[in-house]
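Chemist: Need a 3D model of the sequence below.
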Amino acid sequence: MVLRALKKVKPDVVLIEGPPDAAEVLALASHNDMKPPVALLVYEPDSPSNAVYYPFAKFSPEWQAIRWALESEVEARFIDLPQSLRPRREKEDKAVEKEPESPVAEDGDYGESAVEAESDAPRRDPLDALAIAAGFSDGEAWWGRLIEEGRGEEDPVGVFDAIRGAMESARQELGERHDPQEPAREAHMRKSIRVAMKEGFERIVVVCGAWHAPVLTAEAIKAIPAKSDDEVLKGLAKRKTAATWIPWTYDRLALDSGYGAGVSSPGWYEHLWVHHEQLSEKWLTKVARLMRAEDLDASPASVIESVRLADSLAALRGRAIAGLEELGEATLSILCHGNPMPMRVIERKLIVGQKLGEVPEEAPNVPLQRDLAALQKSLRMKVSADEMELDLDQRKEMDLARSRLLHRLMILNIDWGVLRDQRSKTSTFHEIWKLQWKPELAVVVMEAARWGNTVESAAAACVADRVKNATDLVTLTAMLDHVMLADLPSAVERLVARIQEVSAVSADVGRLMEAVPPLARVLRYGNVRKTDAALVEPVVAGLVARVCAGLLPACASLDDEAAAEMRDRLDGVEASLGTLERGDFLEPWREAVRKLADASIHGLLAGRATRILLDSGAATRDVAGTRMSLALSAGNDPGAAAAWLEGFLSGSGLLLVHDPRLLSMIDEWVCGLSRELFERVCPIVRRTFSEYAKADRRMIGEKLKGLGAAGAGRVAEADDDYEPGRGELVMPVLRLILGDLP
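Modeler: From the prediction side, this is the model:
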């Protein structure tokens, strides 16, 4: 409709509701490398987080008006209230943003901030009011039926006259919207129109949100004095702004993204824009291809039947073409066989879409942004709106460089990549990343540019600033993990020195224990990452010595909650020192844990200390059994005994599967409890056993079947449940596989 109206009117100037701050970059819209969806980003150079997005899709009327004007050599201007004249948002409001105008341009609310969008008075969408009056459920369905899906030859200028008339009635009926900036915006647009008229332009076309149209006509310009508009604009404080183009995504245009003026189906609207013939056939073919890519059945016969059903539904409902509603019903009935689950994938990937736009290299950007783009290109890391998994083998130079880049970006809070949990990986040189580029990261890159002009220098400077102000040891050690992986030698030296300063004056043994695991990881993986981990070794040695000296006093007089926290710290230190396999660290640690197991402390910690000694080989099963027998003796408090048992058994149930003596002792203790005491300790013991794998619980249950009054003693005397006769049965097979055994 917009293009047809422009071609018919043939204006000599096109005024578009958009930010005049972006006048210098407007011409880039005609560049061949500019591929929507894209967005104008208007921001403050000194504070890039104070920014507003103005997104455009290929089917946006504003985008098509810009392109038509540039290609037709007709002047195009933005006439909305500049961001430089709008009030700055407070910092606490920056996290939530309402992006600019929807591609359908229902209400013309370009670039509104979260403060305005979340005002106490709810904003009433005039399209919804008109849609309800016409018998539709919502404004978008009504607009799509009336305008977007129309294929008639009606007079486009007449259509816009009708829309303007409808909006004039809506404004009279609904009243003015509760938007404090709307009077200034409309006053500035009228002022811009008057400027164009004074410059001698005769055929002036204004492309704006329909809500504003009634107050921007020639009649409105004459009726509203210029002096009153000047009064509205008088006194607005001006600040410096800059603008550039950034890639955008369709999912950020969707209503469920939080974009208040968005559309629910940008992928569908692009399909309507691109394909003028065989809409149903081409759409359902896309659906079938997507389903096949997701390993779902979608035969050509099903596509044909779906097309017939969709077109038949449209005819029954009096529609010229099948709309998204009819195509969705046909897809669900035939291609999805009534199963709504595949429809979620279709909605996310087709109806909404995950397309990421492109902008030309000529678009203004900061040096850090250019360096990041060059690194992405040289490392062959695709920038995409789709979630991608990247498995990096750090023994390869390319993968190592990629890992360093992603860690440096994490330091700068540029969360392009998220490091996944690697507990399923047995190797120390693998990293699994989830990559997804989001448009708002462009602002984060601009914010990070204050640290430096390259990713490496910016990350190092950012670390230096954080180190200078950090006083928490755990925060510093967690930061060191990232810095070592990011390969920032100068930052490592500063950070290690700061960790030594803070740890030297820290008297909190618990915080010292929490600092050990990340440092131990750095010390262990330093050689794999080709970084110098020698700087960390003296820090780890100092922390281990102080932890061992203060462990017993730190575990005294703890309540249940504090004991649970200390147990987690014990496990963390044990796991980290165990991976280092350093005798100079392990020997004092094992001695400190041994003192803990023999001390009169909370049962949870005493039991856990005994289990650590048993698993590490520092205590035999006989010693562990003796300690369990003492802890579960009849003279002890059942609650304390249950806590000891929880500490000893938490983690893995295989110990009880392979040690019938310990299992028998626990069974005798439970069976010897009175009903009252059993009900008291049952929740603790049950919680402990619920953590075990299902297979472990089943094997423990099978073992318990053999524990009776007569069988308990025999089981307790046996070292294990190995049966030599059954073992001999597999020997011929082993000889066949392995050859002759000695």
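
Chemist: Flag the shaky bits of the stretch 51-200 of the chain, pLDDT-wise.
Modeler: For the stretch 51-200 of the chain, the stretches with pLDDT under 70 are 89-124, 148-153, 177-178.

Chemist: ranges for the strands of it?
Modeler: 75-78 (DSSP state E, counting those that start in this stretch).

Chemist: Enumerate the helices of it by residue range, in sequence order.
Modeler: 61-71, 114-117, 126-133, 139-143, 156-174, 182-198 (DSSP state H, counting those that start in this stretch).

Chemist: can you check the stretch 351-500 of the chain too?
Modeler: 367-378, 397-411, 441-448, 455-469, 473-486, 489-505.

Chemist: can you tell which of the helices of the stretch 51-200 of the chain is closest to Ile666?
Modeler: helix 114-117 (57.7 Å; C-beta to C-beta). Backbone N, C-alpha and C define where each C-beta goes, glycine included.

Chemist: rewinding a little: which stretch among the helices of the stretch 351-500 of the chain comes nearest Ala575?
Modeler: Using C-beta to C-beta, the nearest of these to Ala575 is helix 473-486, at 15.0 Å.

Chemist: Just want the angle from the closest one to helix 489-505.
Modeler: 160 degrees (axes from the mean of the first three to the mean of the last three C-alpha atoms, to 10 degrees).

Chemist: what about helix 473-486, average pLDDT?
Modeler: Averaging pLDDT along helix 473-486 yields 81.

Chemist: Mind giving me the packing neighbours of that helix?
Modeler: Contact here means 3 or more C-beta pairs under 8 Å, 6 or more residues apart in numbering; DSSP states H and E; on that basis helix 473-486 packs against helix 397-411, helix 455-469, helix 489-505, helix 509-525.

Chemist: Show me what stretch 286-298 is in contact with.
Modeler: Applying C-beta atoms under 8 Å, 6 or more residues apart in numbering, the contact partners of stretch 286-298 are 271, 299-300, 302-303, 306, 331, 335, 342, 345-346, 349-350.

Chemist: where does the stretch 301-450 of the chain dip in pLDDT?
Modeler: Across the stretch 301-450 of the chain (using pLDDT under 70), the flagged ranges come out as 421-428.

Chemist: show me where it has strands.
Modeler: Using DSSP E, counting those that start in this stretch, strands in the stretch 301-450 of the chain cover 388-393, 417-419, 430-435.

Chemist: Tabulate these (JSON lines), appending mean neighbour count and distance to Asn50.
Modeler: Listed next are these as JSON lines, based on neighbours: other C-beta atoms under 10 Å; distance: least, C-beta to C-beta, whole Å:
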{"stretch": "strand 388-393", "mean neighbour count": "14", "distance to Asn50": "31"}
{"stretch": "strand 417-419", "mean neighbour count": "17", "distance to Asn50": "26"}
{"stretch": "strand 430-435", "mean neighbour count": "17", "distance to Asn50": "28"}
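
Chemist: Throw these into JSON lines and include distance to Pro82, thanks.
Modeler: Shown next, in JSON lines, are the strands of the stretch 301-450 of the chain (distance: least, C-beta to C-beta, whole Å):
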{"stretch": "strand 388-393", "distance to Pro82": "38"}
{"stretch": "strand 417-419", "distance to Pro82": "36"}
{"stretch": "strand 430-435", "distance to Pro82": "36"}
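
Chemist: Relative to Thr454, which of these is closest?
Modeler: Here strand 417-419 is closest among the strands of the stretch 301-450 of the chain (C-beta to C-beta), at 18.2 Å.

Chemist: Where does the prediction get shaky in the stretch 501-650 of the chain?
Modeler: 525-533, 634.

Chemist: Can you tell me the SS state at Leu40?
Modeler: What DSSP: H, G, I helix; E, B strand; the rest coil gives for Leu40 is strand.

Chemist: Hmm, Phe648 is touching Met628, no?
Modeler: Yes: counting by C-beta atoms under 8 Å, Phe648 touches Met628, with 6.8 Å between them.

Chemist: Which one of the helices of the stretch 51-200 of the chain lies nearest to Val509?
Modeler: helix 114-117 (44.5 Å).

Chemist: right, and Gln64 touches Ala5 too?
Modeler: No: in this structure, Gln64 is not within contact of Ala5 by C-beta under 8 Å, at 10.5 Å.

Chemist: picking up where we left off before, Serialize the helices of the stretch 51-200 of the chain to CSV and add fields for distance to Tyr43.
Modeler: Conversion of the helices of the stretch 51-200 of the chain to CSV gives the following (distance: least, C-beta to C-beta, whole Å):
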stretch, distance to Tyr43
helix 61-71, 20
helix 114-117, 16
helix 126-133, 30
helix 139-143, 30
helix 156-174, 32
helix 182-198, 19
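
Chemist: can you list these in TSV and add mean neighbour count and distance to Glu565?
Modeler: What follows is those, written out as TSV (neighbours: other C-beta under 10 Å; distance: least, C-beta to C-beta, whole Å):
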stretch	mean neighbour count	distance to Glu565
helix 61-71	21	56
helix 114-117	18	38
helix 126-133	18	53
helix 139-143	20	52
helix 156-174	15	57
helix 182-198	18	54
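
Chemist: With Leu41 as the reference, name the closest of those.
Modeler: Between these, helix 61-71 lies closest to Leu41; by C-beta to C-beta that is 15.4 Å.

Chemist: Residues contacting the closest one, please?
Modeler: With C-beta under 8 Å, 6+ apart, helix 61-71 has contacts from 1-3, 6-7, 14, 16-18, 26-27, 29-30, 36, 56-57, 74-76, 101, 103-105, 205, 207.

Chemist: which ones are touching Leu677?
Modeler: Leu677 touches Pro638, counting by C-beta under 8 Å, 6+ apart.

Chemist: where's it relative to Ala643, distance?
Modeler: 14 Å (C-beta to C-beta, to the nearest Å).

Chemist: Then Glu325?
Modeler: Taking C-beta to C-beta, one finds Glu325 at 61 Å from Ala643.

Chemist: and those two? which has more neighbours close in?
Modeler: Ala643 (25 against 16; other C-beta atoms under 10 Å).
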